[in-house]
Every structure is written in C-alpha cells, then in structure tokens.
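Participant: build me a model from this:
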Amino acid sequence: MRLNARFTGLRSTLVVSAVVLALMGTAGCGKRTQRPSARMPKPVRVPKTGETQKGIASWYGHPYHGRRAANGEVYDMNRLTAAHREWPFELMVRVKNLANGKEVDVRITDRGPFVDGRIIDLSRSAAQKIEMIGPGIVDVKLTVLGFASGDYAVQLGAFQERDKAEAYRARMEKELGEAILAPPRAGSALHAVWYRRTTNAEEATRLVSELRRKGVRAILVRQQKQEGDE
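Facilitator: Sure, this is the predicted structure:
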C-alpha cells in the first residue's frame, strides 16, 4: 500500500509538471507579435532584374495584420506586399498565378514563408488580385522588376525611448564611423538609428548584408511610399 501511494504521488507530480510546461509554452506563443523572420538577421541576395522563380505561393492576413513586419513597418494585409526568404526588402516582384494567368506586382517587406516548397507569402490583397484566396496555395512564377523607387536608409536599430536610441547611436558611430538619429516616421513612436541615407536601394541592400555579416542587425527602410502602394 505504501509503495502504491508513493507511485501514485509521483505520477500526480509528473502530470502537474507536464500541464505547467504546456501552459508555459502556450503563454509564450500568445506573446509572439512578429513573424519569425523579424528575428533572423541574415545576409540577403540581390537578384538581377528579370530573374524568375517558380514554385508555390501562399498568403497571410490575420493574426499578422497590424503587427510589425521584418522590414520594420507595420504589416497591412490590404496593401500589395509579400514575404520572401532571401530577396531584399523593397524589391518589386511580379507574381503570376499559373492556373489562371492573373498577375500582381508586390513589394517585399517581410520574411517567409516558413513551409518547405513555398517560395512567397502574399498579403491578402495581393492574393485576392490573382484569385488564390480560396485555394490558399497556387503554383506561381515570380519575376524581379527592380527596387521600389524612393529615398532609403540603412537602419541599425529602433527604440521606444529616445535616450536609449541616442546611446546606441553614439556606440554605432564609434564602431562604424557614422550614425544618426532619424526623424520620426509617420505613425510610429519609435526612435530609429540610421547608418546612411541613399537613393540607391541596390547599393544600400549590399551595405545591409555587409553589416549583418559583422553582426549588426541592419535593415533597409524606405522613406517615401511607392506610388499606388496603398
């Protein structure tokens, strides 16, 4: 009887521990507010204009609508954007649905998809344009159009508190030779630290890759909206 009681007590302890661990895991998932890509600073590859890819496209909307995308801007599923695993942010890509021939031009703003065999994750609006909401996934052909026009900056970091941003700017200026505190972006309360501003997105993207190889979590940000990208 004593042995059975001890075994029963041990089993109860294990069950309670498993439940606690499961709840901790659930709580962790609930707190995630970004797609996994936002925490993966990798060098990016700059493709040539006209380069193509074929594969499977998917799309994403809720719960990511309103959350921050990997390029730092807020993801809006009603705009014509997309996530790609390795192509640089601000690259314009034409997506053709091979089942019906419909096409849509999107701007790369995020990282993904994170399912093997898929090559691009479209915003809901872009998915509607090529009639893939129902099927969910379709075979597509991607064609690189070039970078979206606008003024760019290589961003080193962004902070809620200005004093932290200024401290990081000073540190980066010592390490890299230059860094500035950026003017606030419309609709954002973040204080960003930039390394350099330019109108040449391709050059800036290569610079981002160089900085990431040095361990700096740099990203390319655009300061001017693409015409018609609303």
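
Participant: dump the residue contacts of E166.
Facilitator: 181, 191 (CB atoms under 8 Å, 6 or more residues apart in numbering). Every C-beta, even on glycine, is put in place using the N, C-alpha and C of the backbone.

Participant: going along the chain, name the strands of this protein.
Facilitator: For the chain, applying DSSP state E gives strands covering 52-60, 81-83, 91-97, 103-110, 118-123, 138-147, 152-159, 180-181, 191-198, 219-222.

Participant: may I have the strands that pair with the fifth one, each with its orientation?
Facilitator: Strand 118-123 pairs in its sheet with strand 52-60 (parallel), strand 81-83 (antiparallel), by DSSP bridges.

Participant: pop the domain breakdown of the protein in here.
Facilitator: For the chain, the structural domains run 52-147, 152-222, going by automatic domain parsing.

Participant: could those be laid out in TSV, adding mean pLDDT and distance to R45?
Facilitator: As requested, the domains of the chain are arranged in TSV below (pLDDT from 0 to 100; distance: least, CB to CB, whole Å):
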stretch	mean pLDDT	distance to R45
domain 52-147	95	5
domain 152-222	90	8
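
Participant: can you say which of these is packed in most?
Facilitator: Most buried of the domains of the chain, by mean neighbour count (mean count of other CB atoms under 10 Å): domain 52-147, with a mean of 19.

Participant: that one: end-to-end distance?
Facilitator: Using CA to CA, to the nearest Å, the end-to-end distance of domain 52-147 comes to 15 Å.

Participant: starting at the chain centroid, how far to it?
Facilitator: Chain-centre distance of domain 52-147: 12 Å, with CA atoms, centre = their mean, to the nearest Å.

Participant: which one, of the strands paired with strand 118-123, ends up nearest to G215?
Facilitator: strand 81-83 (23.9 Å; CB to CB).

Participant: would JSON lines of the domains of the chain with distance to V46 be doable?
Facilitator: Formatted as JSON lines, those follow (distance: least, CB to CB, whole Å):
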{"stretch": "domain 52-147", "distance to V46": "6"}
{"stretch": "domain 152-222", "distance to V46": "5"}
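
Participant: could the strands paired with strand 118-123 go into CSV alongside distance to A148?
Facilitator: As requested, the strands paired with strand 118-123 are arranged in CSV below (distance: least, CB to CB, whole Å):
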stretch, distance to A148
strand 52-60, 19
strand 81-83, 10
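
Participant: need the strands of the chain in CSV (columns: distance to R213).
Facilitator: Below are the strands of the chain laid out as CSV (distance: least, CB to CB, whole Å):
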stretch, distance to R213
strand 52-60, 24
strand 81-83, 22
strand 91-97, 20
strand 103-110, 20
strand 118-123, 24
strand 138-147, 21
strand 152-159, 14
strand 180-181, 22
strand 191-198, 14
strand 219-222, 14
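
Participant: do you know which of these lies nearest I130?
Facilitator: strand 91-97 (4.0 Å).

Participant: test my guess that L122 contacts A82.
Facilitator: Yes: with contact defined as CB atoms under 8 Å, L122 and A82 form a contacting pair (5.0 Å).

Participant: give me the common contacts of the two.
Facilitator: Common neighbours of L122 and A82, using CB under 8 Å, 6+ apart, are 95, 106.
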